[in-house]
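Trainee: Test case, fold it:
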Amino acid sequence: MTGPYRAPETSHRFVLDTVRAADRDRFLAALFAPEPARRGLLALLAFDHELTRTPVVTREPMLARIRLEWWREAVTEAVEAATPRAQPVVESLGEIARRHKLTAEGLVALVDAREEEIDGPLDVVRAGHALADLQLDVLAVGDRATRDAARAVAAAWLMGEGPERGALLAEARARRHEVDLAALPILLPALSLGGPTSPWRTPLAYWWAAKRGRY
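Mentor: Have a look, this model is predicted:
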């Protein structure tokens, strides 16, 4: 990894606006993280959003793979090159990767997980775990109980409603008294999987849950 890099504020603003519009519940949860971890979580969610857009941007498998290869190269440069590519999400990742010591391998693992969706169903466990591991690195949390809970919530987020999702949420909540509360910004979205809530109630529900250390 090269030395420190500071992304333009316009890039961080682009990331914030993107996540707020595309992933509101996880955006709200990320706001409970202190800076600079909050900025790191938002950059990762914007990165994840760009990867999820691949099947929407193109339905041609070869073009989809070219797009994901671009992201592999871009995030590797974000970690290893002196200056990342001039793309807002990549620039933001360049700053947070160096600050939180994220590895190119960890970022590429999320791209690799998403590539499976080109030819078949997404492996939600693999993709969820890849994102959760990066988020935990940003939050500087590494204990086993918290990692298990965060991975379960991240995988459940990618699932449709059903018994498998319910089992993952139950698994995550079973570790409630063991987890590091610093990870609440990535655990709180579990509340949104319990059933539909009105947009104005979600921030209040997250605030109350965070105050009580629940998810």
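
Trainee: mind checking pLDDT for the nearest residue to G106 once chain neighbours are set aside?
Mentor: Closest residue in space to G106, ignoring its immediate chain neighbours: L134 at 5.4 Å, by Cβ to Cβ, 6 or more residues apart in numbering. Every residue, glycine included, has its C-beta placed from N, CA and C. Per-residue pLDDT puts L134 at 98.

Trainee: Can you name the next helix or strand after whichever strand or helix holds L134?
Mentor: Using DSSP states H and E, L134 falls within helix 124-139. Later in the chain than helix 124-139, the nearest helix or strand by DSSP H and E is helix 144-157.

Trainee: coming back round to it: what about the residue nearest to G106, how many residues nearby?
Mentor: Using other Cβ atoms under 10 Å, L134 has 28 other residues around it.

Trainee: And the pLDDT at the residue lying closest to A43 once chain neighbours are set aside?
Mentor: The shortest distance from A43 to any non-neighbouring residue, by Cβ to Cβ, 6+ apart, is to S92 (4.2 Å). In this model, S92 is scored at 98, pLDDT.

Trainee: Kindly report the same for I118.
Mentor: 93.

Trainee: secondary structure element for I186?
Mentor: Going by DSSP H and E, I186 is in helix 184-187.

Trainee: whoops, P34 was the one
Mentor: Using DSSP H and E, no element contains P34; it sits outside every helix and strand.

Trainee: Pop out the phi and psi values for it.
Mentor: phi -70, psi 160 (degrees, to the nearest 10).

Trainee: okay, now it: neighbour count?
Mentor: 9.

Trainee: Who's the closest spatial neighbour of the most centrally placed residue in the chain, skipping the chain neighbours?
Mentor: The geometric centre of the chain, computed from its C-alpha atoms, lies nearest to L45 (Cα atoms, centre = their mean), at 4.1 Å. Excluding the flanking residues, the one nearest L45 by Cβ to Cβ, 6+ apart is V19, at 4.6 Å.

Trainee: Can you tell me how far that neighbour is from A37?
Mentor: Between V19 and A37 the computed distance is 14 Å (Cβ to Cβ, to the nearest Å).

Trainee: one step back: going by contacts, tell me the helices and strands next to the helix holding I186.
Mentor: Helices and strands touching helix 184-187, by 3 or more Cβ pairs under 8 Å, 6 or more residues apart in numbering; DSSP states H and E, are helix 24-30, helix 37-52, helix 124-139, helix 144-157.

Trainee: Quick one: residues in contact with that helix.
Mentor: 26, 29-33, 37-38, 41, 132, 135-136, 139, 149-150, 153-154, 172, 179, 209-210, 213, 215 (Cβ atoms under 8 Å, 6 or more residues apart in numbering).

Trainee: Go through stretch 48-68 and flag the buried ones.
Mentor: 48-52, 54, 64, 67-68 (16 or more other Cβ atoms under 10 Å).

Trainee: With stretch 83-96 instead?
Mentor: 84-85, 87-96.

Trainee: Give me the residues contacting it.
Mentor: With Cβ under 8 Å, 6+ apart as the criterion, stretch 83-96 contacts 5-8, 10-12, 14-15, 18, 36, 39-40, 42-44, 46-47, 50, 74-75, 77-79, 102, 107, 138.
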